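Chemist: how would this look folded up:
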Amino acid sequence: MNRDSDDEEDRQRDQWTLGEYDNGETGCPNCGRDRLCLCPNGKHRCEKCNWCPELKGYAPFFD
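Modeler: Model prediction:
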């Protein structure tokens, strides 16, 4: 892997880092957890199942 792709992956990972809890109107529509985390990119992510309501799917996973 080259350095540019490493940098891009780091940027993407940083945007999906779990942030503060944000209960919002409902919890996770996928697993039912009561609260979601707000990521730096403005999207929500469930720390239990990794579901992102804005994507209507799973958030990207980074090793």
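Chemist: Relative to Arg11, how far out is Asp4?
Modeler: Asp4 sits at a distance of 11 Å from Arg11 (criterion: C-beta to C-beta, to the nearest Å). Heads up, the C-betas are built off the backbone N, CA and C, glycines and all.
Chemist: Let me know how buried the nearest residue to Arg13 once chain neighbours are set aside is, in neighbour terms.
Modeler: The shortest distance from Arg13 to any non-neighbouring residue, by C-beta to C-beta, 6 or more residues apart in numbering, is to Phe62 (4.5 Å). For Phe62, the count of nearby residues is 11 (other C-beta atoms under 10 Å).
Chemist: Give me the distance from the least confident helix or strand in the chain by mean pLDDT to the chain's centre.
Modeler: Every helix and strand in the chain was compared by mean pLDDT, DSSP states H and E; the lowest is helix 3-15, with a mean of 84. Relative to its chain's centre, helix 3-15 lies at 15 Å (C-alpha atoms, centre = their mean, to the nearest Å).
Chemist: Kindly report the same for stretch 19-30.
Modeler: With C-alpha atoms, centre = their mean, you get 11 Å for stretch 19-30.
Chemist: Start at 32, not 1
Modeler: Right, with 32 as the first residue, what we last looked at is stretch 50-61.
Chemist: CA atoms only for it, dumped as PDB, please.
Modeler: Extracted in PDB, the C-alpha atoms of stretch 50-61 (Å, rounded to 0.1, in the frame of the first residue of the first chain):
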ATOM      1  CA  GLY A  50     -17.800  10.700  19.500                       C
ATOM      2  CA  GLU A  51     -20.200  11.800  22.200                       C
ATOM      3  CA  TYR A  52     -23.400  10.000  22.800                       C
ATOM      4  CA  ASP A  53     -26.400  11.500  21.100                       C
ATOM      5  CA  ASN A  54     -29.700  10.000  22.000                       C
ATOM      6  CA  GLY A  55     -31.600  11.800  19.400                       C
ATOM      7  CA  GLU A  56     -35.300  10.900  18.800                       C
ATOM      8  CA  THR A  57     -34.700   7.100  18.900                       C
ATOM      9  CA  GLY A  58     -31.900   4.700  19.400                       C
ATOM     10  CA  CYS A  59     -30.400   2.300  16.900                       C
ATOM     11  CA  PRO A  60     -33.100   1.100  14.400                       C
ATOM     12  CA  ASN A  61     -30.900  -2.000  13.700                       C
END
